[in-house]
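*Asks:* return a 3D structure for these sequence lines:
(2 chains)
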Protein chains: 2
Amino acid sequence: MASLTDIGLAAAINILSAFAFFLAFAVLRLQPINDRVYFPKWYLKGVRSSPTHSGTFVRKFVNLDLRSYLRFLGWMPAALKMPEPELIDHAGLDSAVYLRIYLIGLKIFIPIAILAFAVLVPVNWTNATLENSNVEYSDIDKLSISNIPKRSQRFWAHLVMAYIFSFWTCYVLLKEYEIIASMRLHFLASEKRRPDQFTVLVQNVPPDPDESVSELVEHFFLVNHRDHYLTHQVVYNANKLAKLVKEKKQMQNWLDYYQLKYDRNPSKRPTAKTGFLGLYGKKVDAIEFYTSEVERLSKKEATEHEKVKKDPKSIMPVAFVSFRTRWGAAVCAQTQQTRNPTLWLTKWAPEPRDVYWQNLAIPFVSLTVRRLIIGVAFFFLTFFFMIPIAFVQSLANIEGIEKAVPFLKPIIDLHIIKSFIQGFLPGIALKIFLIFLPTILMLMSKFEGFISLSALERRSASKYYLFLLVNVFLGSIIAGTAFQQLHTFIHQSANEIPKTIGVSIPMKATFFISYIMVDGWAGIAGEILRLKPLIIYHLKNFFLVKTEKDREQAMDPGSIEFGSSEPQIQLYFLLGLVYAVVTPFLLPFIIVFFVLAYAVFRHQIINVYNQEYESGAAFWPDVHGRIITALIISQLLLLGLLSTKEAAQSTPFLIALPILTIWFHRFCKSRYEPAFVKYPLQEAMMKDTLERAKEPNLDLKAYLINAYIHPVFKDGEEDDSFAVGDEREYDNVLVPTKRQSRRSTPAHSKYNGSSSPSLPDAIQEQL
Amino acid sequence: MASLTDIGLAAAINILSAFAFFLAFAVLRLQPINDRVYFPKWYLKGVRSSPTHSGTFVRKFVNLDLRSYLRFLGWMPAALKMPEPELIDHAGLDSAVYLRIYLIGLKIFIPIAILAFAVLVPVNWTNATLENSNVEYSDIDKLSISNIPKRSQRFWAHLVMAYIFSFWTCYVLLKEYEIIASMRLHFLASEKRRPDQFTVLVQNVPPDPDESVSELVEHFFLVNHRDHYLTHQVVYNANKLAKLVKEKKQMQNWLDYYQLKYDRNPSKRPTAKTGFLGLYGKKVDAIEFYTSEVERLSKKEATEHEKVKKDPKSIMPVAFVSFRTRWGAAVCAQTQQTRNPTLWLTKWAPEPRDVYWQNLAIPFVSLTVRRLIIGVAFFFLTFFFMIPIAFVQSLANIEGIEKAVPFLKPIIDLHIIKSFIQGFLPGIALKIFLIFLPTILMLMSKFEGFISLSALERRSASKYYLFLLVNVFLGSIIAGTAFQQLHTFIHQSANEIPKTIGVSIPMKATFFISYIMVDGWAGIAGEILRLKPLIIYHLKNFFLVKTEKDREQAMDPGSIEFGSSEPQIQLYFLLGLVYAVVTPFLLPFIIVFFVLAYAVFRHQIINVYNQEYESGAAFWPDVHGRIITALIISQLLLLGLLSTKEAAQSTPFLIALPILTIWFHRFCKSRYEPAFVKYPLQEAMMKDTLERAKEPNLDLKAYLINAYIHPVFKDGEEDDSFAVGDEREYDNVLVPTKRQSRRSTPAHSKYNGSSSPSLPDAIQEQL
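*Replies:* Numbering: from 1, shown residues only, chains lettered A, B, ... in the order given. As a prediction, the model looks like this:
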């Protein structure tokens, strides 16, 4: 067990490394050449274009203004300065509310830490249980509950504190839920006109022998929503077409690249190999080859386009139905349409860029089957994920490698290499698995059939949280794999489980403190450096960027990635709540994490991230629910711990705590959750009335007619006459929409006319 | 353990007693004097009036037609003859669907029994485990799974059967859910115009300083449901007034009685005592006294009436809002109205006679608190109900009684009386508790704040089911109180619990067989005799009936009492499913119960019961859910039992079964439950369109204006001009409504003009 000095040393190391990251960031971000890595958000907003200094050439790459280096932590106050309403305006409500998760961490844990240090630390410290016992202990343990003798009356202090901490946490959660619900409603109310306000997604339109899907939808809604129905758009199964378009675009890029190469060096016709990635295969004239490829794909695309548009089978039994008023849409989204609740399913349409098109055609019945399958699969993934990894590890042993590639045998047999492989390979399979885990979870969620990106992310987050809870939290406390734990738990009585875990909790405090420092402090500081996007951007810039639009693509702002980052924050809530009563010494480390993370993510959200969609903080009920879960876990574990301490007088009083917490959760759920699920009719009516007064002659039908077109068709139509209508439409939409549509359609070239030449062109000129 | 002969004997006794009940019923029901006890439903429908034989005087009381006694079981085919659509028309959908619960029992258990006897009984019988062991066993045990040796391959047969039985049960449930959902929708679609089709109950109207509740409601709906709002009715807190009205009615009855007495015997003015029940107090002239009482109460009532109508504080923040169309009401009921989901809560209004007026004013916030309180209270009631009963028992001992009433000492000291008290008193507290349990559970449900009688009954049924499950099923299997069980379970591991119970299950088969015979067979046969209503009717008829309207009241048809009878049926489902694989010998007993109960309840529903409300089988999801629960319990217990039999090869295959069952339940829930909760817009629109075509000039407002008036105000207005409109209104409503409104308002006198004189009058004449 680590002593206070050990912890201090580790903290120093981690603080230093975090500092180093910040220093590196401060230097790197000031270099104009990195501008697009560290401030992509501003480029996307059109506020910033390529570096504007008109000074010397060097100045375009390196910042020589030494004074600017002095304020190397200046980004922090700058990041904190932007007021919240402006932030919402700048980055959307999702991002602003995401930041509030860190703030809640501070709101919960700072008062708890102060109280815990004022009351519990003295109570724990002034005992001599550990000194008189013959077990090994550290100074940290002297501050923890372990230092209290069995059957002590002092446990009343912990009991009272557990109540105070729980009530405080619930109070903060309640206030926060209230604030965020009203922020969401305010956001929805003050939003500009958006297609999804008027639109409902209708799934599972029943087949009809006499009418097409489109006719059927129109007739149905003309009858049943007579006064409100406006128009609708059917959904085509264009997955194959989308693939063709993507392929063609790639070929077009290569063609552009070789064309450029040939233009600059006309003496030599560029050649290419036809095989995979141009690595092998027949050598051909590159320009000719890609021209023919593009032509071939264009023809194929045109055929497929026609086929999709004409073949009635490519129309899915799904439609986006738009209404004259928001009121009409709100009514349709919240009601059941027909006797059979699995037909004509209506729900609020996600905003156009949030739609996950592939999942739109999954029939209702298969949904339950899919969820069952994924439920079982996720159970096995969580509890048995070590099995396939162990299998891979057993394959990737030295004998196996020597057998597969016998010519490497002499090298492998070298002592250093051998020990490296033996030491490193087994770990790498696990590491790779953990890196790909969020992706795997996302694939699982996609298979479950959610139809919007935001729902997919929320679902992945739930899964990831469960995985972390079982494999990181419980897995660290009780040594052994999750499967072994499962085995233990099944064979233990229901109230033995909290005891088993509760007892080991105080002993793991130092482990979790170092976990917080490595994963939390240094990890967060590493986040701001954006090492991976930095390297990739420069590599792309150097080797691949041929045109301005390629540079546009090379600039990958990324996004918050709710599905993997939120569950990780939740782990800190869990640790904080569990250890608040047991080992309060852990709390300051968590507070430092929340402070750092808040500053870093606020900076990133302002300057870097570009959200792909805006769900209006629809994830909040999940966040709230997970903090409540952490609270209940902490209460049960304390119950288990105290019962092993034989504090028979005080322990029974703890039983009421989880019951009250569950009740509080149910209260919050009924009070605030509807704000995240339903759209109140009063709000809809108010917006409708206001709009009618402001723009009595609005042509809503023209506005909505193409809003929910599959992105593939949108691409095609941007070249022809539809484009104008399309653009005009989008001008009414929040700015990021533009970015999104552009992202999937790099044919845009708005930034081509920027005043200064882009970097690689400048390099070319200089050469 | 009972042998086959013992069981046979018990069966014979129970069959004989059931037969005796049927015989008694056959004789009693043929006597014209009992006609109102055994056929009240027909009186209420107006089809039957007092006995119509114009023969001799004796014939009016006793049936002398001996031939009619020969067909003494003739009621059975008669009860089964009425086709279901006619039954729905006659007794409502609730009753018809309630009968289907028994039918499901037959549908599930007859094929299961046949299969079990064909496969499992031979498999079990052809072993010699019990013969070779030295434990006591009976012939029944030889037919059960106990006769299979450990680690036998024969357990595969039980495993396969468990799968087949579960799939069959699920199949029957699925089909039944489908049928009942469509029956409900058909019922709703073919219903005549009813006020609740157009009406939504709005709760928690926020207080407003400037407007009254009525104005506020009107303005709110005029704005937010502009095209659909028609009218509304506020709800008065008239609980005090209702009490006064009831009191006055009692006094009026006494006045009538004495008036009649005086008229017949003018020589003597009747006197009465003013104390409780006329048992003590000052002797006064009865007619004068009651006249003054009625006058006093009339004045008081008028004052209170004025007060309620004028005092704004007596208006609750609740209103019944009616719409122009069913579509408008369906929309309002299914949507959220304002930002704050706890204000302007809308839900489908229960039909007027289903409203539980007292609960209409409970604010939303207190609801969650109330549910928490009742949840905790119910937990203690279930697990600790023995404690207060033991306390009462300890009070009610002989010493206590002797102390309280010393003059009884000599009597109590008599040997017979003493042993009677000692043997009987401890049991009586428990018996009284069990008799009052459904009432206690109903009171708890009322405290939870449900606003319709049907919801209250459903809620009570859930509670009662849990109570029976814990205290009858588990309590019988594991000897000891529920509290002791709880203690055991908490200290056992999660997968030890099914083992503990599973092992004791085969041993309890004979106990449950005799339980089924006593409680099921004889109990059901006793039900048809209606001994309590029979005695009470004749007592009332002899001592209290003064007027025809009193006789009307003395005739108590009763109703199904879903809250207590449905959970008892569920116990048979549970027993059947649990023992289907373990001891198939129990199944025929259950089948006999279902056959008997079906016939008896069909007869009662046709001839006796009069439902107080019609919920359109809204209870079905609960029934379905409880059968699924029973199925899962049976699967888990089998799992536990097999694992103690060390059938390691086959047991793991059982794990999938509960998972599949839960999944099946969720599928059914999403597929069929909405039919019981929501009203689809298409249906509403169809009914609206049809009605508009049929009755274009319908004055809906006049129809709805008084539909949701507190019954107390309706009474008062029946005497004045409103009455006509009121009656006209009710002619459109299902027949039982009439009965209901009459029941609470015995001032009706439609039946007074019946052709033959009522019995007591006839007696008077003869005297």
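
*Asks:* my understanding was that A:D141 contacts A:P506; is that so?
*Replies:* Yes - in this structure, A:D141 is within contact of A:P506 by CB atoms under 8 Å, at 6.8 Å. In this view, the C-beta of every residue, glycine as well, is placed from N, C-alpha and C.

*Asks:* who has more neighbours, the two?
*Replies:* Legend: neighbour count by other CB atoms under 10 Å in any protein chain shown for A:D141 and A:P506, higher for A:D141 (24 against 18).

*Asks:* who touches the closest residue to the more buried one other than its chain neighbours in this structure?
*Replies:* Take A:D141 and drop its neighbours on the chain: the residue closest to it by CB to CB, 6 or more residues apart in numbering or on different chains is A:L130, 6.0 Å away. By CB atoms under 8 Å, 6 or more residues apart in numbering or on different chains, A:L130 lies in contact with A:Y137, A:D141, A:K142, A:S146, A:N147.

*Asks:* quickly find the element holding A:L130.
*Replies:* Assessed by DSSP states H and E, A:L130 sits inside helix A:129-132.

*Asks:* pull out the buried residues from that helix.
*Replies:* By neighbour count on 16 or more other CB atoms under 10 Å in any protein chain shown, the buried set for helix A:129-132 is A:T129, A:L130.

*Asks:* and the next helix or strand past it?
*Replies:* Note on helix A:129-132: by DSSP H and E, the next helix or strand toward the C-terminus is helix A:139-142.

*Asks:* which helices and strands does that next one pack with?
*Replies:* helix A:4-29, helix A:509-515 (3 or more CB pairs under 8 Å, 6 or more residues apart in numbering or on different chains; DSSP states H and E).

*Asks:* which residues touch the closest residue to A:Y679 other than its chain neighbours?
*Replies:* Excluding the flanking residues, the one nearest A:Y679 by CB to CB, 6+ apart is A:A330, at 4.5 Å. Residues near A:A330 by CB under 8 Å, 6+ apart: A:K678, A:Y679, A:P680, A:L681, A:A684, B:T335.

*Asks:* check what pLDDT A:A330 gets.
*Replies:* Note on A:A330: pLDDT of 89.

*Asks:* which strand or helix spans it?
*Replies:* A:A330 belongs to helix A:326-334 when assigned by DSSP H and E.

*Asks:* identify the residues contacting the residue nearest to A:I627 when sequence neighbours are not counted.
*Replies:* Of all residues not flanking A:I627 in the chain, A:F573 sits nearest, at 5.3 Å (CB to CB, 6+ apart). By CB under 8 Å, 6+ apart, the contact list for A:F573 reads A:G105, A:I108, A:R626, A:I627, A:A630.

*Asks:* just to revisit the earlier point, return the distance of the helix holding A:L130 from the chain's centre.
*Replies:* How far helix A:129-132 lies from its chain's middle: 47 Å, per CA atoms, centre = their mean, to the nearest Å.

*Asks:* likewise stretch A:176-183?
*Replies:* The gap between where stretch A:176-183 is centred and where its chain is centred comes out at 21 Å by CA atoms, centre = their mean.

*Asks:* got the buried residues for that stretch?
*Replies:* For stretch A:176-183, the neighbour count (16+ other CB under 10 Å) marks A:E176, A:Y177, A:I180, A:A181, A:M183 as buried.

*Asks:* please apply the same query to stretch A:633-643.
*Replies:* For stretch A:633-643, a neighbour-count test (16+ other CB under 10 Å) marks A:I633, A:S634, A:Q635, A:L636, A:L637, A:L638, A:L639, A:G640, A:L641, A:L642, A:S643 as buried.

*Asks:* returning to what we had before: quick check, nearest of the contacts of A:A330 to A:A238?
*Replies:* Distance to A:A238, by CB to CB, is smallest for A:Y679 among the contacts of A:A330, at 29.2 Å.

*Asks:* any figure for the gap between that closest one and A:T335?
*Replies:* Distance check for A:Y679 against A:T335: by CB to CB, to the nearest Å, it reads 12 Å.

*Asks:* what does A:I387 give?
*Replies:* 47 Å.

*Asks:* same check on A:T129?
*Replies:* Counting by CB to CB, the separation of A:T129 from A:T335 is 64 Å.

*Asks:* ok, A:Y464 next?
*Replies:* For A:Y464, the distance to A:T335 - CB to CB - is 34 Å.

*Asks:* still on that earlier bit, out of the helices and strands packed on helix A:139-142, which gets nearest to chain B?
*Replies:* Nearest to chain B among the helices and strands packed on helix A:139-142 is helix A:509-515 (27.4 Å), distances taken as CB to the nearest CB.

*Asks:* give me the neighbour count for A:E215.
*Replies:* Neighbours of A:E215 under the rule other CB under 10 Å: 12.

*Asks:* figure out how far the helix or strand hosting it is from the centre of its chain.
*Replies:* Of the helices and strands defined by DSSP H and E, A:E215 is found in helix A:213-224. How far helix A:213-224 lies from its chain's middle: 38 Å, per CA atoms, centre = their mean.

*Asks:* and that helix with helix A:326-334, angle?
*Replies:* Per axes from the mean of the first three to the mean of the last three CA atoms, to 10 degrees, the angle that helix A:213-224 makes with helix A:326-334 is 110 degrees.
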